[in-house]
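1. Okay, sequence plus prediction incoming.
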Amino acid sequence: MKHLRPLALLALAASFAHAPTSAQGRLLLLDQGEYVCALPGDATGAAWVEQEGRDFAITGGSSYRTVRGSGTYLMEGKNVIFTRGPMRGVQMLRLGSGMLQEVGRDGKLGRLRCHRSGPLKR
């Protein structure tokens with residue numbers, strides 16, 4: 001019996017070694033469609049200033065496309081990270097249905113917001 005106790009502890013430790021430590025939630029998908037990205041304006045002008053070249057489309061599964069090419073993203077809980085393609089490394093936070101806000105490299109929310117503007121264009 002004394003010899004079984006170390007084996008049981010070793011088995012328990014091994015099971016923890018394979019458990020994901022950073023898992024925060026289920027993998028999810030963004031709503032398909034065209035997304036327009038903009039910065040907030042000010043009181044003297046437009047409420048939103050669209051950012052040319054930052055728009056993208058969610059095309060299905062975990063895929064997106066831009067005018068520069070296509071790629072993939074991963075969405076876990078409310079966190080979205082673009083993993084391949086022209087937006088690789090961009091991180092966003094899902095604020096609600098069809099609304100995303102960019103997250104800076106420092107982990108703080110940026111000013112850029114992207115919203116779903118409609119269905120996919122052919």
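-> On my side now, so go ahead. Numbers count the residues shown, from 1 in each chain.
2. Let me see the contact set for L100.
-> L100 makes contact with L30, Y35, V80, M92, L93, R94, R113, C114, H115 under the criterion Cβ atoms under 8 Å, 6 or more residues apart in numbering. All C-beta spots, glycine's among them, are computed from the backbone N, C-alpha and C.
3. tell me which element the fourth one falls in.
-> Assignment of secondary structure by DSSP states H and E places M92 within strand 91-96.
4. Relative to that strand, what are the paired strands and their orientations?
-> The strands beside strand 91-96 in its sheet (DSSP bridges) come out as strand 79-84 (antiparallel), strand 99-103 (antiparallel).
5. Spit out the contact partners of the residue nearest the centre of the chain.
-> A centroid search over the chain (Cα atoms, centre = their mean) returns V80, at 0.8 Å, as the residue closest to the centre. By Cβ under 8 Å, 6+ apart, V80 lies in contact with L30, Y73, L74, Q91, M92, L93, R94, L100.
6. Name whatever forms a beta bridge with it.
-> Counting by DSSP bridges, the residues bridging with V80 are M75, M92.
7. ok so, going back, for the strands paired with strand 91-96, give me CSV that also has distance to A57 and mean pLDDT.
-> Shown next, in CSV, are these (distance: least, Cβ to Cβ, whole Å; pLDDT from 0 to 100):
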stretch, distance to A57, mean pLDDT
strand 79-84, 13, 98
strand 99-103, 13, 98
